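Asker: Coordinates only, no sequence provided:
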């Protein structure tokens, strides 16, 4: 037989656990975003994106706009995927700076781009958050004109746009 005090005790424990879990999620630097963009067609929700200190990086969701920017030559395009994947195909003119090598490649990166440059960062596609992380790091370093191509290489290729392939030396 279930007693009234047992039910009250269970409800109390459940309430405490919910309050604690939301509290820990709120203060955690890797907390789950509870508000924001959840539609993967519109881009990626990153951990901590509901935090007030999160860096707001412009996101471009229009592949034709990205193609226009690339064709204009006024933007530095950074592909942050692994070199092996970049070599198999990338947006023409894109420079490869993998997120995983950010610290090791920072000097080479800074000799390639300046804080005044228009920079477009992309990775695999809408479910990949590496481009957002890379772009956030650039903004934190003082780069003012940084955008993320949310659709990434998957959308670029799907649209049938030109793809460059890295020549592999024998």
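Answerer: Cool, the structure landed. Everything numeric in this text was worked out from a predicted model, so none of it was measured.
Asker: Which residue ranges make up each domain of the protein?
Answerer: In terms of domains, the chain is parsed into 1-31, 40-158 (source: automatic domain parsing).
Asker: Can you point out the buried residues in the host helix or strand of residue 134?
Answerer: Assigned by DSSP states H and E, residue 134 falls within helix 130-140. Across helix 130-140, burial judged by 16 or more other C-beta atoms under 10 Å covers 130, 131, 132, 133, 134, 135, 136, 137, 138, 139. Every residue, glycine included, has its C-beta placed from N, CA and C.
Asker: Kindly tell me how buried residue 117 is, as a neighbour count.
Answerer: 16 (other C-beta atoms under 10 Å).
Asker: Return the residues in contact with it.
Answerer: By C-beta atoms under 8 Å, 6 or more residues apart in numbering, residue 117 lies in contact with 75, 76, 143, 145.
Asker: quick one: contacts for residue 60?
Answerer: Neighbouring residues of residue 60 by C-beta under 8 Å, 6+ apart: 66, 69, 120, 147, 148, 149, 150.
Asker: ditto for residue 69
Answerer: Applying C-beta under 8 Å, 6+ apart to residue 69 gives the contacts 60, 75, 118, 120.
Asker: Out of those residues, who's the most crowded?
Answerer: For the contacts of residue 69, counting by other C-beta under 10 Å, the largest number of neighbours falls to residue 120: 25 neighbours.
Asker: Contact partners for it?
Answerer: Contacts of residue 120 (C-beta under 8 Å, 6+ apart): 60, 66, 69, 70, 75, 76, 77, 78, 147, 148, 149.
Asker: could you redo the last one with a cut-off of 6 Å?
Answerer: 75, 77, 147, 149 (C-beta atoms under 6 Å, 6 or more residues apart in numbering).
Asker: hey, what's the third one bridged with?
Answerer: The one in question is residue 147. Residue 147 has these beta-bridge partners by DSSP bridges: residue 58, residue 120.
Asker: That one contacts residue 58, correct?
Answerer: Yes - the criterion here is C-beta atoms under 6 Å, and residue 147 meets it with residue 58 at 4.3 Å.
Asker: between those two, which one's more packed in?
Answerer: Remark: of residue 147 and residue 58, residue 147 carries more neighbours, 20 against 11, as counted by other C-beta under 10 Å.
Asker: if I pick that one, what's in contact with it?
Answerer: Residue 147 touches 58, 60, 120, counting by C-beta under 6 Å, 6+ apart.
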